[in-house]
Structure formats: structure tokens, C-alpha cells
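**Q** sharing a sequence plus its predicted fold:
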Amino acid sequence: MTEKELKTENPKKKMGWKKILSVALLVLLNVVVIAMAGFSEFGNSENAVKLSEVKINWWLLAPAIVCFIIAVILDIFKYVLMIRRMREKNEPKKMDDWKLAGRTVLLGRYYDNITPAAIGGQPFQILHMRKNSGLSKGDSTSIPIFGMISLQIAFIVIALVCFLFGGVAGDYPALIVTAWIGLLFYAFWPITVALASFFPKITAKIINVVVKFLAKIKIVKNREEAVEKVEHEVGEYAKSVKIILKTKGLFLQTILISLIYNVLIASIPFFVLTAFGGNVGFWSCFGTTIAVMSAVYFVPTPGNSGAAEGTFFIVFSALSSGYVFWAMLVWRFFSYYSYIIMGPMIYLSMSLEKRRLKKQD
């Protein structure tokens, strides 16, 4: 082999090792995240029945699986709908709409679940849309933002129905109070964006008052910088909502899809409970699940780890203590671990796709 050939080969080898190292680090990160979450949630499981002794009505888990699959497909379809409705006739398409929407949604969920307070998903979704959608920057920003806001609005509607019409089982005053507080956190961005869209001057004053208060209690260090940052973010959100509202019927369609999505996700614990032999009514289980989801919303840990297990024990308390561990583990697989597993799988498929395209070139 000549010296020239060696020089051209070495970079390829180095690039190959870099890719392998990147994948290894990504896998390691996921193992660490899952291990930490699992330990914080299920570390105290000495009362758990041995898996070989657990009696499960496996066929009753089928509805839980169906709910999860349909919910994910609906969430992806919502993005497909927004992409197609907002793309101009002559605008170039870089990627198939379903593939683009699927990767945007699932990788967004992945980053939500590995970053504190779910701060990683939305920025990644915006970046991914801008790189791969062929849409304008404004449209690429508005789709992920409204994807999130529509879910929050739908959840608020469902939660209000449950809270006002007695959907929460048992006597848990602390849960109800915490759930109402969580609902305020859910409502923060939709209300702020609505105000910014229609009353920009009032919104600016409110932001200044809130930041001034936070600066006084030493939560915010640089008041001017904080005000500028929040005003910029709210402005982006407001632009996004206006773009969605200008597209005929799109607002109501996304809200309807988000309502169905939230109902399906909140129904999963009921089917898991019944599969493990729990005797509980659907409405009471559903309402309690919504209350718990609201209560843990403001917990600033990846995937609400730690808090989720403690609060969701209320939902699964209908089971004997030995079965609670396994039922909780199945539920957390649907709500958390599945997205952690899917993230690296999507990255692997993206890497293989790029490699295949390079070979074709």
C-alpha cells in the first residue's frame, strides 16, 4: 500500500472509531439514566413478589399496549398534519413527512426524559425541523411549540373535568392541592402565549413584575437579561400561535388530537392495574392518574424520576404490596423507559441512513 493510500485510509478509520465512541457514550448515558431512575423509583422493593410468582392476566395488558401505540401514532400524525398544512405548494420537501414527524416527536420525548424539567425536547425538535423539514424558520419553530402547547391545553381541559366532577378516588387532600398547583404550571405557557398574542403590552408588564419579584428573592441574578430572554421566548411562542391560527381549522384539529392522546395515555394505568388483578373503576382510576400527572409536572427531574413512583403509588395502591412493584415497572415502561430505548434506536437508523446515502453518492 502506498503512502498516499495510507493517508486517505486513516481518516476513515478515525471517523469510524469516532462514530463507535459516540454510539457507546450515548448507550452509556442511557444506561446511567435508566439505572438512576430505576434506583430512585424502585430501589426499595424488598416487599416485591418474585416475578415467577406474579399472576398476570396478560391479555388485559393488550389494551394498555394498544393505547400507547395509538397515542404515539396520533402524536406523530398531529405533526404530519401541521407540516402538510403549513408547507407551501412549491416548498421543497427534504424528508418524508411521516419520517420527519416521527423522529421529531420521539426524539423530542427522548430528550424530555433525559433532561431536568424536560427542557431538552423542544429545542431539539425546533433544530431538527429547521434542518430537515424544508419549511421556513418560523414554521419550523411554530410546529414543535404548538405541539407542546396543544398537549398542555388538552390536559388542562381533561384535568378540570376530572377535578370538578369528582374523578379522583379516595381522600387525598394533599394530592388535590398539589394537582391544582401543577395545573397552574401546565397553564403558564398557554396563558402567557395567549396574552402575548393578543395583549403584548400587558404581557411585557407582567413579565417585568414577575422577574422583578424573582430578582428580589435572589432566584434571578440578572434582571435585564432574564426579562430579555423571557420576552424573546414568549414572542416566539406568540408568533407560532398566530401562524397556527391563520391556518384554517388547524388549531381545533391539533387540540382534538391532543385530547385523545391525553385520554389514551391516562388510561394505561387502569389496564395495567386490571392485568395485575386490581379491582378499580375506570373513571376513578383515570381521574386519579390525571391528578398525579398534574402533581408531578413541576418536579425538575428527568422524567419526574423519584416523585413519579411515590405519587403514583396512590393509583396502584389497589394492588397488594407485593404486586405494586411490578405494576409500577410496567407502567413506567410505557410512560418513560420506552422513549429512552427508542432514542438510541432512532439515532442508529439515522446513522445507517446517512451511511447508505454516502455509498450511493
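**A** Cool, the structure landed.
**Q** which helices and strands does the host helix or strand of Leu127 pack with?
**A** For Leu127, the host element (DSSP states H and E) is helix 121-132. Packing partners of helix 121-132 (3 or more C-beta pairs under 8 Å, 6 or more residues apart in numbering; DSSP states H and E): helix 97-114, helix 137-164. From N, CA and C alone the C-beta is placed, and that goes for glycine too.
**Q** closest one to Asn222 among those?
**A** The closest of the helices and strands packed on helix 121-132 to Asn222 is helix 137-164. By C-beta to C-beta, the value is 24.9 Å.
**Q** tell me the buried residues in the helix or strand following that closest one?
**A** For helix 137-164, the following helix or strand on the C-terminal side (DSSP H and E) is helix 173-198. For helix 173-198, a neighbour-count test (16 or more other C-beta atoms under 10 Å) marks 175, 178-179, 182-183, 186-187, 189-197 as buried.
**Q** go ahead and confirm Trp180 touches Cys162.
**A** No. Using C-beta atoms under 8 Å, Trp180 makes no contact with Cys162, being 11.6 Å away.
**Q** now do the contacts for Ile156.
**A** Ile156 makes contacts with Leu183, Tyr186, Ala187, Pro190, as judged by C-beta atoms under 8 Å, 6 or more residues apart in numbering.
**Q** from those, which is closest to Phe77?
**A** Using C-beta to C-beta, the contacts of Ile156 come closest to Phe77 at Pro190, 21.5 Å.
**Q** enumerate every residue touching Ile202.
**A** Counting by C-beta under 8 Å, 6+ apart, Ile202 makes contact with Leu195.
**Q** now name the helix or strand holding it.
**A** Assigned by DSSP H and E, Ile202 belongs to helix 200-216.
**Q** got the angle for the helix or strand where Lys359 lies vs helix 97-114?
**A** If you go by DSSP H and E, Lys359 is part of helix 338-360. Orientation check (axes from the mean of the first three to the mean of the last three C-alpha atoms, to 10 degrees): helix 338-360 against helix 97-114 gives 130 degrees.
**Q** buried sites along helix 338-360?
**A** Neighbour count says helix 338-360 has Ser338, Tyr339, Ile340, Met342, Gly343, Tyr347 buried, by 16+ other C-beta under 10 Å.
**Q** tell me the spacing between the fourth one and Val72.
**A** The gap separating Met342 from Val72 is 9 Å, by C-beta to C-beta, to the nearest Å.
**Q** next: Ile65.
**A** As defined by C-beta to C-beta, Ile65 lies at a distance of 11 Å from Val72.
**Q** of the two, give the one with the bigger neighbour count.
**A** Val72 (20 against 12; other C-beta atoms under 10 Å).
**Q** need the next SSE after the helix holding Ile202, C-terminal direction.
**A** Next in sequence after helix 200-216, counting helices and strands by DSSP H and E, comes helix 223-246.
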